[in-house]
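A.B. asks: quick one, what's the 3D model for this:
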Amino acid sequence: MSVVPAEAVSGGLRANAGTGGEAEPWPDGDAAAAAPLAPPARLLPALAAVYRAQLSRARVARIPLLFVATFQSVGIMVLMRGVVDGADEARAVVAGSSVLVVAFVALNLLAQYFGQLRASGGLDHYATLPVPPAAVVLGAAGAYASFTAPGTAVTAVVGSLLFGLPLANLWVLAAVIPLAGAALAGLGAALGLLAPRQELATLLGQLGMSAALLLGVLPAAHLPGPVAWARDLLPSTYGVEALARTFEARPDWLAVGADLGVCAAVGVASLAVATWAYRRAAVR
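C.D. replies: Here you go, the predicted model:
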């Protein structure tokens, strides 16, 4: 086996091993640096890959927590059953408890996940992959949001039976879950990525879920003025309102669509902020 002489390497030459030919110039540093790299992954295939990976991870690690979230929401409805007076309050309690499952997973757990990922250096792993930052954020957020579907559906059905509400329009959950989930998941990811410490990300996630509990489950008519204004700033409120309207005898579908539109707009904005926060955290 022929060996390239050290002098040839140091002199910028490459020996044609095994051919006996003359040495050829070795590419200089600029030419080597200009060599074309593999094209980066496109957004949709990368998004699908991250989504499947995160969904598989969440399926194993988050099932017990999803059970806790569902049990918590059902327990709240059972407790409120004795103090709720009127159909309006019943609709608010059932809708708020159902969306609370989304808030627990998409906001609270996702804030903790990204906070832990940043603290442990896990963002460096994604930074080395040819994956667009938006695919990482959207894939993780989509996995956590879609993982809430079973618990939200179970809570809505149990609550409707418990309070005697109609089940005919629960198909609207197919829109409420992804849109409210996107808004809350984007918010949770942004909180986890912007928090300077993992403990603070956990705290912010818990506070966000508590706000969704207090401002979403309690009927709006019973809240003081300043608290009601804060309720309007919470993204999950519009998912609650959209679902609550469908329990009426004659739902105002235009208002339902408007509430879902607000959820969609907030979801786009919060996911954009989360993507920016991911890029900011990944370069540090």
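
A.B. asks: residues contacting the residue lying closest to Asp252 once chain neighbours are set aside?
C.D. replies: With sequence-adjacent residues excluded and distances taken as C-beta to C-beta, 6 or more residues apart in numbering, Asp252 is closest to Arg245, at 5.8 Å. For the C-beta atoms, the positions are set from N, CA and C on the backbone; glycine is no exception. By C-beta atoms under 8 Å, 6 or more residues apart in numbering, Arg245 lies in contact with Arg91, Pro251, Asp252, Ala255, Val256, Asp259.

A.B. asks: make a markdown table out of these and add pLDDT.
C.D. replies: Compiled in a markdown table, these are given as follows (pLDDT from 0 to 100):
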| residue | pLDDT |
| --- | --- |
| Arg91 | 92 |
| Pro251 | 91 |
| Asp252 | 93 |
| Ala255 | 95 |
| Val256 | 95 |
| Asp259 | 94 |
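
A.B. asks: of those, buried ones?
C.D. replies: The neighbour-count criterion (16 or more other C-beta atoms under 10 Å) marks Arg91, Pro251, Val256, Asp259 among those as buried.

A.B. asks: now the last one. Nearest residue, chain neighbours left out?
C.D. replies: The shortest distance from Asp259 to any residue other than its chain neighbours is 3.8 Å, reached at Ala242 (C-beta to C-beta, 6+ apart).

A.B. asks: quick one: the helices in the stretch 1-150 of the chain?
C.D. replies: The residue ranges that make up the helices of the stretch 1-150 of the chain, judged by DSSP state H, counting those that start in this stretch, are 6-10, 29-33, 43-61, 63-81, 87-102, 110-119, 122-127, 133-146, 149-163.

A.B. asks: after the last one, which helix or strand is next?
C.D. replies: The one in question is helix 149-163. helix 173-194 (DSSP states H and E).

A.B. asks: just the angle between that next one and helix 133-146, please?
C.D. replies: Direction vectors for helix 173-194 and helix 133-146, defined by axes from the mean of the first three to the mean of the last three C-alpha atoms, to 10 degrees, enclose an angle of 130 degrees.

A.B. asks: show me what helix 173-194 is packed against.
C.D. replies: If you count contacts as 3 or more C-beta pairs under 8 Å, 6 or more residues apart in numbering; DSSP states H and E, helix 173-194 packs onto helix 87-102, helix 110-119, helix 133-146, helix 149-163, helix 198-217, helix 235-245, helix 253-282.

A.B. asks: closest one to Arg52 among those helices?
C.D. replies: Relative to Arg52, the nearest member of the helices and strands packed on helix 173-194 by C-beta to C-beta is helix 133-146, separated by 8.2 Å.

A.B. asks: now for that closest one, which elements pack on it?
C.D. replies: Counting by 3+ C-beta pairs under 8 Å, 6+ apart, the packing neighbours recorded for helix 133-146 are helix 43-61, helix 110-119, helix 173-194, helix 253-282.

A.B. asks: flag the shaky bits of this protein, pLDDT-wise.
C.D. replies: Judged against pLDDT under 70, the low-scoring parts of the chain cover residues 1-41, 58-62, 283-284.

A.B. asks: domains of it: list them as residue ranges, please.
C.D. replies: Domain ranges of the chain: 1-35, 43-282, per automatic domain parsing.
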